[in-house]
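J.: After the sequence you'll find the predicted model.
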Amino acid sequence: GALRYHIWDDPAKPPVREAVAWVQSQRQADDVVVHMQDASYVPALYYAPKAAGDLVDAGQRLWLAPQAYDLFDGRITAAGDLPTDGRVWMITMPAYMDVEQRTFIEGWQIKCKESLVFDEGAVRAVLCKEGGD
C-alpha cells in the first residue's frame, strides 16, 4: 500500500515528485540536498535516488530504523553536520514538523539567506545560501 501511494499520481497527496524535480532542475553540482521528514525523503529516494540527498536527524522520530534507509541508498545526517557554507536545499513538509524540527529550522533560517523557493503548501523546497550570497 505505501509503495503504491508513492508511485501513483494522486491529486490528494503532497507534490513531493514535483518538488524533487524542481530542485534537480535548479541545483548546481556542489549543492547539498536535505529533507526534514521521512514523508518527503522516502518518496524522493524512489523518484530520484541519486538526487534525493540526505535525511536530517534533528531528534525527530523516524518512520524506519536507520539501517532501513541503507537498503535504498539513503543517508541520515545529524543536524549539526550540515555544511556551514555553500548552497543547501532544504525540503520540508510544514504540516508534519515536530518541535525539534521547527527549532532546527528556526535556527537554520537565521544563519542563511533563502533564495529560490518552491512552495506548494504541503511541500516546501528552499535554497539556502549559507555564509553569504
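T.: Ah, there it is.
J.: what helix or strand does residue 88 sit in?
T.: strand 86-92 (DSSP states H and E).
J.: Distance check, the residue most central in space within the chain against residue 63.
T.: For the chain, residue 35 is the residue whose C-alpha lies nearest the centre (Cα atoms, centre = their mean; 1.9 Å). In this view, residue 35 and residue 63 are 12 Å apart by Cβ to Cβ, to the nearest Å. C-betas here are computed from N, CA, C, even on glycine.
J.: On the three-state scheme, residue 117 is what?
T.: What DSSP: H, G, I helix; E, B strand; the rest coil gives for residue 117 is strand.
J.: roughly how far out does the helix or strand following the strand holding residue 88 sit from the chain middle?
T.: Scanning forward in sequence from strand 86-92 by DSSP H and E, the next helix or strand is helix 99-111. Relative to its chain's centre, helix 99-111 lies at 14 Å (Cα atoms, centre = their mean, to the nearest Å).
J.: What's the first helix or strand after the lowest-mean-pLDDT helix or strand in the chain?
T.: The helix or strand of the chain with the lowest confidence, counting by mean pLDDT, DSSP states H and E, is helix 2-7 at a mean of 60. The element immediately downstream of helix 2-7 (helix or strand, assigned by DSSP H and E) is helix 16-26.
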